[in-house]
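> show me how the following folds:
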Amino acid sequence: MANIPLAERMRPSSLDDYIGQKHLVGQGGIIRNMIETGRINSFILWGPPGVGKTTLARIIANTTEAEFYTLSAVTSGVKDVREVIEKCAAAGRSVFAKARPILFIDEIHRFNKSQQDSLLGAVEKGVLTLIGATTENPSFEVIRPLLSRAQVYTLKSLEKDDLQRLLDNTLANDPILTKRNVSVEETQALFRFAGGDARKLLNIIDLIEQSTPDDSPVIINDKTVIDRLQENPAAYDRNGELHYDIISAFIKSVRGSDPDAALYWLARMVAGGEDPAFIARRLVILAAEDIGLANPNALLLANATFDALQKIGWPEGRIILAECTVYLATSAKSNSTYMGIAAALAEVEKSGNLPVPLHLRNAPTKLMKDLGYHEGYKYAHDYKNNYVEQLYLPEEIKTSKFWNAGSNPAEATMQARMDSLKENKELNS
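This next block holds a predicted model:
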């Protein structure tokens with residue numbers, strides 16, 4: 001028992017012992033209702049580390065008495081997925097089966113498209129119930145066909161009251177801690193370091209207990225926590241809730257053109273040990289999403305920042321990040337391309353796969369030419385100003401407009417050029 005980590009020893013086996021996520025497992029919560037009715041649909045649990053994703057999946061399997069299979073997306077491939085699907089199919093056919101087998105996939109966002117595709121048939125046919133867990137936004141990391149077959153539920157970082165309840169429950173019920181003389185004098189540093197992560201809180205308690213001689217009382221206070229962890233309690237927690245809060249503040253400061261605030265939040269991340277590549281990636285995204293065509297050089301600089309960081313390394317890389325941060329924060333801003341692609345995607349979602357106009361189609365074969373492919377296409381470079389009026393959108397949405405120039409000099413010039421071309425289209429023919 002002493003060799004088993006505290007976090008594993010205290011893993012709850014029923015909803016009554018589960019802490020947090022009341023919006024999902026409290027009275028009337030969607031997952032509680034599933035468990036109570038015994039009708040479990042496929043879903044994906046999205047949330048930061050240590051908030052109970054794996055535990056919740058195990059509780060569901062225990063409560064419904066379903067066969068429970070697990071895969072880690074870090075180590076499993078398509079072959080492993082297919083083998084588990086075959087086991088699920090066999091278990092589901094058993095006369096002793098009380099519920100549909102459950103396949104739990106941790107870090108599901110790490111599965112590539114082929115691996116995710118291999119799950120579709122089994123989920124759709126009801127061979128298994130899929131429960132996935134991810135710390136990344138499923139909208140970006142999980143393929144749409146799988147998302148359409150599995151609801152996404154968001155888990156939140158544990159609040160202070162949740163952490164206190166977890167602490168009290170652990171001290172009262174853990175078979176090792178109940179035999180020790182444990183005294184909790186302060187919890188500020190403990191909760192601060194935990195950052196809403198139940199596993200981290202339990203690991204800190206475990207560390208303090210194991211590093212305290214058997215004949216001495218186990219003292220939990222701010223000094224003990226800091227001494228044991230050898231960290232600054234004000235430091236940035238790259239795996240906890242503060243990770244998301246500070247990167248959000250950093251992004252909003254750059255977007256809001258405040259270089260001083262942007263540098264402050266950058267310093268918080270640098271001092272806290274954030275992955276420099278993570279910051280650099282966010283700068284590249286910022287350059288495209290929030291500055292865009294108002295200053296296209298911003299994307300070039302952000303990309304150069306990412307490359308230079310790989311070459312220079314740390315700690316000098318912080319200077320490169322700072323330069324890019326100030327440049328982006330002081331640059332003109334525009335989200336016209338971000339809004340444009342969003343509008344275009346919304347149209348695709350609404351209108352589906354509209355046919356490509358015949359004159360825009362490629363015609364590499366005689367049959368295609370006979371069918372009218374490419375016929376009537378006007379080559380823009382054959383016309384004055386390299387412009388000629390013709391239909392480029394599908395007929396059904398030919399009047400749609402997705403890009404609207406931002407209110408900045410660079411895009412005003414772009415819009416003026418487009419207006420001039422269209423106003424003088426007869427001169428370009």
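> for residue 332, see how far away residue 85 is.
For residue 85, the distance to residue 332 (C-beta to C-beta, to the nearest Å) stands at 52 Å. Heads up, the C-betas are built off the backbone N, CA and C, glycines and all.
> so between the two, which is more surrounded?
Per other C-beta atoms under 10 Å, whichever of residue 85 and residue 332 has more neighbours is residue 85, with 20 against 17.
> my read: that one touches residue 127, true?
Yes - contact status for residue 85 versus residue 127: in contact at 6.3 Å, counting by C-beta atoms under 8 Å.
> lowest confidence element among the helices and strands of this protein?
helix 425-428 (a mean of 52; mean pLDDT, DSSP states H and E).
> now do the helices in the stretch 101-250 of the chain.
113-125, 138-141, 144-147, 160-173, 188-194, 198-210, 222-229, 241-255 (DSSP state H, counting those that start in this stretch).
> how about these in CSV, adding distance to residue 328?
What follows is the helices of the stretch 101-250 of the chain, written out as CSV (distance: least, C-beta to C-beta, whole Å):
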stretch, distance to residue 328
helix 113-125, 32
helix 138-141, 22
helix 144-147, 31
helix 160-173, 35
helix 188-194, 31
helix 198-210, 32
helix 222-229, 34
helix 241-255, 5
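> and these: which comes nearest residue 351?
In terms of C-beta to C-beta, the element of those nearest to residue 351 is helix 144-147, at 16.3 Å.
> state the mean pLDDT of the closest one.
Mean pLDDT, helix 144-147: 89.
> okay, buried residues for that helix please.
Across helix 144-147, burial judged by 16 or more other C-beta atoms under 10 Å covers residue 146.
> and for stretch 403-415?
Under the neighbour-count criterion of 16+ other C-beta under 10 Å, stretch 403-415 has 403, 405-406, 408, 410-411, 414 buried.
> how close does residue 392 get to residue 358?
The spacing between residue 392 and residue 358, counted by C-beta to C-beta, is 13 Å.
> more neighbours: those two, which one.
Counted by other C-beta under 10 Å, residue 392 and residue 358 do not tie: residue 358 has more neighbours, with 15 against 10.
> which residues touch residue 337?
By C-beta atoms under 8 Å, 6 or more residues apart in numbering, residue 337 lies in contact with 288, 292-293, 403.
> so which of those belong to helices?
Per DSSP state H, helices hold no members of these.
> among the residues you listed, which one has the most neighbours?
If you rank the contacts of residue 337 by neighbour count (other C-beta under 10 Å), residue 292 sits at the top with 25 neighbours.
> pLDDT at residue 397, what is it?
Listed pLDDT for residue 397 reads 87.
> surely it and residue 348 touch.
No - applying C-beta under 8 Å as the test, residue 397 and residue 348 come out as separate, 9.8 Å apart.
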